[in-house]
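Novice: could you work out the structure for the sequence below:
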Amino acid sequence: MFSRYSEKARSAVLLAREEAARFGAPAFEPEHLLLGLLRSDKPAFDKFLGRETSEETLREQIRGQVAARPAQPPNSDLPASSGTRRILTYAAEEAEQLGHNSRLAPEHLLLGILRERESFAARLLRESGGDLNRMRKWLSSRRDKVPLGPAA
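Specialist: Residues are numbered from 1 along each chain as shown. Below you'll find the predicted structure:
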């Protein structure tokens, strides 16, 4: 499934699973994916939002919204929640619509999160300056520069 993902996008998904385990979650949620994206490529994340984003602030906001559970050992097989699966589908659709057919980059995952409008992760992105249409325009103007990095 992740063969089209750039190295950084794949890393974001793996880090999201790690985040979910830290939170003791049974599946990785959109909020975990958001943290994974921030950890995998902070400069691109900040450029995409147009401002510096604090990982710790974001983590605290998420911690305040999710049920507290004991942490689990990291598990790369932790499943995606239904919301996260929709985000991954949306990200692939966004890459296709933007003509970025060869690779799915972290930026496409951020677009996918924004499309999952009711998720807490989308709300956090919007509060940080994320706007779906503005981000699409920005990415479409960078056709030659996105997606970043080769698939590994």
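Novice: next helix or strand past the lowest-mean-pLDDT helix or strand in the chain?
Specialist: Every helix and strand of the chain was ranked by mean pLDDT, DSSP states H and E. The lowest is helix 42-49, at a mean of 76. For helix 42-49, the following helix or strand on the C-terminal side (DSSP states H and E) is helix 55-63.
Novice: what's that next one packed up against?
Specialist: helix 30-40, helix 120-127 (3 or more Cβ pairs under 8 Å, 6 or more residues apart in numbering; DSSP states H and E). Every C-beta, even on glycine, is put in place using the N, C-alpha and C of the backbone.
Novice: beyond it, next helix or strand please.
Specialist: Taking DSSP H and E, what comes next after helix 55-63 is helix 82-97.
Novice: just the residues contacting whichever helix or strand comes after that following helix, thanks.
Specialist: Tracing the chain past helix 82-97, the next element assigned as helix or strand by DSSP H and E is helix 106-115. Where contact means Cβ atoms under 8 Å, 6 or more residues apart in numbering, the residues beyond helix 106-115 that reach it are 6, 8-9, 12, 30, 33-34, 37, 40-41, 44-45, 48, 86-92, 94-95, 98, 100, 119, 121-122, 125-126, 130-132, 135-136, 139, 146-148.
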